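Engineer: predicted model and sequence below, questions to follow.
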Amino acid sequence: MEADPELGLRVPAEKIREARAELLAPMRSLDRGLWEAPQEHDAGHLGYLMLEGLLGRDVILAGTTTTELLGPGDVVQPFVSMHDDTLIRYHVLWHVLEPVKFAQLDDNFSRALGKWPPVMRVLLDRALRRSLRVSMHAALLQLSPVETRLLFMFWLLADRWGRVTPDGVRLKLQLSHQLLGQLVGCRRASITTALHRMEESGLVTRRSDRTWLLRGEPPDELAHIYWQERVAGAISHDLRDSLIG
């Protein structure tokens, strides 16, 4: 609760000190790279509460990789997917994209948590918010063209990792074209082409530190129409030039 004060917002002020004394969790850090997540845990282990950093969860299905980004406040349960009964074969990989620090919500924490329903509600709310983000992620994968998917994805990420500046909303994530492709379900070459068009439009700019700057307003339900018309116009223009040539 000292590292994540939001957990105590619903705890009565006169009981905060007691809650902090009882809700103790071991801390652990991870460096950049592949995380060999534990496959086995005691039944009472609730998972890992992320406090710092950026974690990528890759789901590989039929040779295709899709990625979910996780950050401070998320509860990660890597052992759940390992035991998930399903007829479809898939693999899960975890990548530490920025150094991670998390609290291990072990058996001792789990037993103490039963006394503190307000903290349990905060953790449940976070799980529900993550479920909503996953649903929105799945929905944007149905959008076309690629520029629309990217625009919605940038703004979805900006909800958590964005910072308003005089020039626009700075997205404080270093996202490679490969990673962006895994986020929106496209090949890297398609991402490169789409980003070029978006930068020309002035809506998205890649900064010198490899972070991103978003300009304008968040997209609405008509954004896909704008990009469909723009891409169609660009294709017609290229076709006309090739015919003239």
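Structural biologist: Looks like it arrived, so ask away. Note that the structure is a prediction, hence the values are computed from the model and not measured.
Engineer: right, and Asp167 touches Leu214 too?
Structural biologist: No - the criterion here is C-beta atoms under 8 Å, and Asp167 misses it with Leu214 at 9.7 Å. C-beta here means a position set from N, CA and C on the backbone, and glycine is covered the same way.
Engineer: give me the more crowded residue out of those two.
Structural biologist: The neighbour comparison of Asp167 against Leu214 (other C-beta atoms under 10 Å) goes to Leu214, with 22 against 11.
Engineer: how close does the spatially most central residue of the chain sit to Leu195?
Structural biologist: Compute the mean C-alpha point of the chain, and by C-alpha atoms, centre = their mean the closest residue is Leu69, 2.7 Å away. Counting by C-beta to C-beta, to the nearest Å, the gap from Leu69 to Leu195 is 18 Å.
Engineer: repeat for Arg129
Structural biologist: 28 Å.
Engineer: of these two, who's got more company?
Structural biologist: Leu195 (19 against 13).
Engineer: and that one, what element?
Structural biologist: Assessed by DSSP states H and E, Leu195 sits inside helix 188-201.
Engineer: and the contacts of that helix?
Structural biologist: For helix 188-201, contacts defined as C-beta atoms under 8 Å, 6 or more residues apart in numbering pick out 145-147, 150-151, 177-178, 180-181, 184, 186, 204-206, 230-231, 234.
Engineer: output stretch 174-191 as PDB - backbone C-alpha positions only.
Structural biologist: Extracted in PDB, the C-alpha atoms of stretch 174-191 (Å, rounded to 0.1, in the frame of the first residue of the first chain):
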ATOM      1  CA  GLN A 174       9.100   3.100 -27.200                       C
ATOM      2  CA  LEU A 175       7.000   1.000 -29.600                       C
ATOM      3  CA  SER A 176       8.800  -0.600 -32.500                       C
ATOM      4  CA  HIS A 177       7.100  -1.300 -35.800                       C
ATOM      5  CA  GLN A 178       7.200  -5.000 -35.000                       C
ATOM      6  CA  LEU A 179       5.500  -4.500 -31.700                       C
ATOM      7  CA  LEU A 180       2.900  -2.200 -33.200                       C
ATOM      8  CA  GLY A 181       2.200  -4.900 -35.700                       C
ATOM      9  CA  GLN A 182       1.600  -7.500 -33.000                       C
ATOM     10  CA  LEU A 183      -0.700  -5.000 -31.200                       C
ATOM     11  CA  VAL A 184      -2.900  -4.400 -34.200                       C
ATOM     12  CA  GLY A 185      -2.600  -7.700 -36.100                       C
ATOM     13  CA  CYS A 186      -0.600  -6.500 -39.100                       C
ATOM     14  CA  ARG A 187       2.700  -7.200 -40.700                       C
ATOM     15  CA  ARG A 188       5.600  -4.900 -40.000                       C
ATOM     16  CA  ALA A 189       5.700  -3.600 -43.600                       C
ATOM     17  CA  SER A 190       2.000  -2.600 -43.400                       C
ATOM     18  CA  ILE A 191       2.700  -0.800 -40.200                       C
END
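Engineer: off-centre distance for that stretch?
Structural biologist: On the basis of C-alpha atoms, centre = their mean, to the nearest Å, stretch 174-191 sits 14 Å off its chain's mean C-alpha point.
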